[in-house]
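> Generate coordinates for the sequence data below:
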Amino acid sequence: MNDFLSLRKRKNLWAAAGALVTALICLFSSLGAIGLLGPDEPRYAWIARAMAETGDWITPRLYGQPWFEKPVLYYWAAAFGFKLHLPAEWAARLPSALAAFIATVAICWIAWRHYGDEGGFALSPAILAPVVFATSVAAIAFSRAATPDMLFAACIALAMSGAATVLRRSGALRAANPAASVKSDAPYLIFFGASLGLALLAKGPACILLAGGAMGVWALVTKQWRAALRLAHPIAMLSFVVVGLPWYILCQLRNPEFLRVFILQHNFQRYLTPVFQHIQPVWFFVPVTIAARLPWAIFLVAAALEGLRVFRDKTWSRSPGFFLACWAFFPALFFSLSKSKLPSYILPAVPALAVICAVGVVRRFRSTRSIPLALALGLGAFWVTAALLTHRFVSRLPADWLDQAPFRLSANVIVLVAFLVAALLIYCAYRKSLGLTVALCSLTVVASVLYANIRVLPVFDPVYSARWHQAYLAHDLHQDRIFTYQLRRSWNYGLAFYFHRELPEWRPGDPAPALVLTSPAGKQQIAAMGRIRGTLDESNLGIVYVPVYPLAPSR
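Sure thing, here's the model as predicted:
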């Protein structure tokens with residue numbers, strides 16, 4: 001008996017350690033493998049770096065001017081990294097990686113509190129849900145994004161975990177202690193309010209709508225209004241105000257236009273009008289939600305089957321699963337009605353979906369042999385499809401763009417490995433081994449992340465990030481005469497960040513020698529003027545000397 005308990009303890013320890021290592025690799029590894037991308041990352045990183053350099057921790061500033069698109073929490077967190085002199089990419093992205101890890105811990109807490117060691121600790125939702133979240137496309141992508149989105153999602157996850165705990169103690173979710181007093185709930189109410197306050201600092205008043213809307217849907221359907229209103233206790237409201245409002249007050253006092261710009265333009269106007277041109281169909285978040293759950297999207301089927309069972313058994317009104325479903329459903333509903341839609345808007349729902357999927361899989365995997373096989377086929381189909389798409393992408397790269405032989409060989413190996421993984425997944429499902437199925441799929445995700453960090457992203461760095469170009473020109477003799485010309489705003493923001501100054505637009509009438517960074521179309525226009533003496537092409541960004549001397553590439 002003692003040997004059995006010792007074996008089980010070691011198995012549980014290995015499962016917990018494996019889940020932790022998997023999460024750490026997926027969320028933190030090689031945050032600087034590629035430079036800052038798009039218009040948002042370098043813009044937010046600039047503001048955070050400016051805070052660290054100027055010591056103004058109240059007013060976000062872009063190129064010296066107040067910038068009120070987002071609240072301050074991300075800027076504070078990233079500025080701390082710049083203060084510690086971390087590499088720019090690590091300083092800018094570490095807040096998102098830490099937030100993703102915090103969300104992972106919140107998911108583990110929720111699953112453990114409400115489902116315990118159901119299925120055995122090593123295969124319980126408390127182990128499976130964090131793994132499913134940390135290895136998903138959404139978590140991996142946004143843990144590497146220098147934006148406030150993952151911070152916002154993590155704060156919502158913390159707030160909802162506090163809310164779920166209060167509801168559980170009140171008996172609304174599987175009564176544990178129906179006689180719990182308001183005083184005994186005080187720490188959880190403070191935690192709930194403070195977490196919502198942090199969410200207010202992360203992305204604004206949408207946190208109140210998302211958390212309140214999810215709770216409202218839950219209370220409306222279950223008719224447990226008294227339990228839901230318990231979360232509006234003065235203790236919770238006070239902690240929300242103390243954490244969330246001081247910065248808003250200080251920023252408004254220093255900048256009288258702050259609330260008008262932030263609340264009206266970047267919240268109400270963004271939601272009610274297509275002013276920012278993020279126009280998408282009303283069903284946009286359906287495929288986005290499925291993509292966010294990859295490679296585990298097939299687990300949504302198990303979650304749906306489990307939901308149907310709970311509905312037929314009429315146990316849903318006090319089910320934690322229904323609370324999680326409301327949490328996951330409301331952000332998609334709320335933002336589907338918005339005139340502005342971006343994939344990141346669905347992120348607050350992803351932690352709840354991870355728990356729902358984990359519970360559904362744990363309960364349905366052993367029911368019949370057909371369900372595990374169907375889930376394994378779905379996982380295997382994803383890996384094979386991803387490998388074939390990778391092979392097609394590599395085969396269509398320009399012959400002179402990079403050394404083709406190693407990439408083509410790697411693509412062929414990836415396809416073979418994907419078919420092998422698919423076969424092993426089917427075998428694990430046939431044996432009804434959920435642990436091996438999850439471990440094999442997670443290991444494949446980890447290997448993919450490491451391969452992308454080491455081999456793929458550095459190759460694409462010069463194509464999508466301005467980091468390479470700044471390093472290439474760091475010692476150029478014409479630093480005072482560097483311009484841009486007809487570049488997309490993502491390149492303008494990226495070049496400004498890495499050059500540590502805003503680069504002016506080149507004017508065709510400028511007669512003096514200059515170094516111009518431009519697009520292929522811009523280079524053709526300059527060539528038509530007869531001004532080019534030498535060029536260096538780096539995919540969609542050309543470096544043009546006007547009219548100096550040829551520049552030889554040194555890659």
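> helix/strand/coil for Val516?
strand (DSSP: H, G, I helix; E, B strand; the rest coil).
> How about Phe68?
coil.
> Need the per-residue pLDDT for Val421.
Note for Val421: predicted pLDDT of 93.
> Name the helix or strand for it, please.
Taking DSSP states H and E as the criterion, Val421 maps to helix 404-430.
> Give me the neighbour count for Ile279.
The number of residues packed near Ile279 is 10, by other Cβ atoms under 10 Å. Every residue, glycine included, has its C-beta placed from N, CA and C.
> I'd like the distance between it and Ala496.
Applying Cβ to Cβ, to the nearest Å, the value for Ile279 to Ala496 is 28 Å.
> what does Gln486 give?
Applying Cβ to Cβ to Gln486 and Ala496 gives a distance of 16 Å.
> what does Trp468 give?
Counting by Cβ to Cβ - Trp468 and Ala496 are separated by 15 Å.
> Also Lys341?
28 Å.
> cool, and Leu167?
The value you get for Leu167 to Ala496, if Cβ to Cβ is used, is 48 Å.
> of these two, who's got more company?
Taking neighbours as other Cβ under 10 Å, Leu167 and Ala496 compare with Leu167 leading, 26 against 20.
> hang on, isn't that one packed against Leu173?
Yes: judged on Cβ atoms under 8 Å, Leu167 makes contact with Leu173 at a distance of 4.7 Å.
> tell me the strands in this protein, going along the chain?
61-62, 65-66, 482-485, 514-518, 534-538, 541-546 (DSSP state E).
> Mind telling me which of those strands the model trusts least?
Among the strands of the chain, strand 534-538 scores lowest, with a mean of 45.
> and the nearest residue to Lys341 once chain neighbours are set aside, how many residues sit next to it?
Among residues not flanking Lys341 along the chain, Gln280 sits closest, at 3.9 Å (Cβ to Cβ, 6 or more residues apart in numbering). Counted by other Cβ under 10 Å, the residues lying close to Gln280 total 18.
> got it, and the one 4 residues further on?
Burial measure for Phe284: 20 neighbouring residues, criterion other Cβ under 10 Å.
> how far away is it from Phe335?
9 Å.
> same question, Ala202
In terms of Cβ to Cβ, Ala202 sits 16 Å off from Phe335.
> neighbour-wise, which of these two wins?
The residue with more neighbours, out of Ala202 and Phe335, is Ala202; 27 against 23, by other Cβ under 10 Å.
> Quick check, the more buried one in contact with Ala157.
No: the criterion here is Cβ under 8 Å, and Ala202 misses it with Ala157 at 11.7 Å.
> what residues are up against Arg369?
430, 432 (Cβ atoms under 8 Å, 6 or more residues apart in numbering).
> try 10 Å this time
Applying Cβ atoms under 10 Å, 6 or more residues apart in numbering to Arg369 gives the contacts 429-432.
> which residues does the nearest residue to His114 once chain neighbours are set aside contact?
Nearest non-adjacent residue to His114, counting by Cβ to Cβ, 6+ apart: Pro320, 4.0 Å away. By Cβ under 10 Å, 6+ apart, the residues touching Pro320 are 110-111, 113-115, 164, 167-168, 172-174, 355-356, 359.
> Where does pLDDT dip in the stretch 401-550 of the chain?
The model of the stretch 401-550 of the chain has pLDDT under 70 over residues 401-406, 476-479, 530-550.
> just the chain next, same as before
1-10, 119-122, 174-183, 275-278, 398-406, 476-479, 530-555.
> tell me the domain boundaries of the chain?
Domain assignment for the chain by automatic domain parsing gives 2-364, 370-460, 468-546.
> Would you state the helices of the stretch 451-555 of the chain in chain order?
Per DSSP state H, counting those that start in this stretch, the stretch 451-555 of the chain carries helices over the ranges 457-464, 467-472, 489-499, 520-528.
> centre of the chain versus the first one, how much separation?
Between the mean C-alpha location of helix 457-464 and the chain-wide mean there is a distance of 20 Å, by Cα atoms, centre = their mean, to the nearest Å.
> Measure how that helix sits relative to helix 489-499, angle-wise.
Angle, helix 457-464 to helix 489-499, by axes from the mean of the first three to the mean of the last three Cα atoms, to 10 degrees: 110 degrees.
> same for helix 457-464, what does it pack against?
Contacts defined by 3 or more Cβ pairs under 10 Å, 6 or more residues apart in numbering; DSSP states H and E place helix 457-464 against helix 467-472, helix 489-499, strand 541-546.
> who touches Ala422 in this structure?
Ala422 neighbours (Cβ under 10 Å, 6+ apart): 376-377, 379-385, 387.
> List the ones among the residues you listed that fall in helices.
Among the contacts of Ala422, the members found in helices (DSSP state H) are 376-377, 379-385, 387.
> tell me, how many neighbours does the closest residue in space to Arg309 that isn't next to it in sequence end up with?
Nearest non-adjacent residue to Arg309, counting by Cβ to Cβ, 6+ apart: Arg363, 8.0 Å away. When neighbours are defined as other Cβ under 10 Å, Arg363 has 20 of them.
> what about Arg363, distance to Trp112?
16 Å.
> Next: Thr390.
37 Å.
> Alright, calling it a day.
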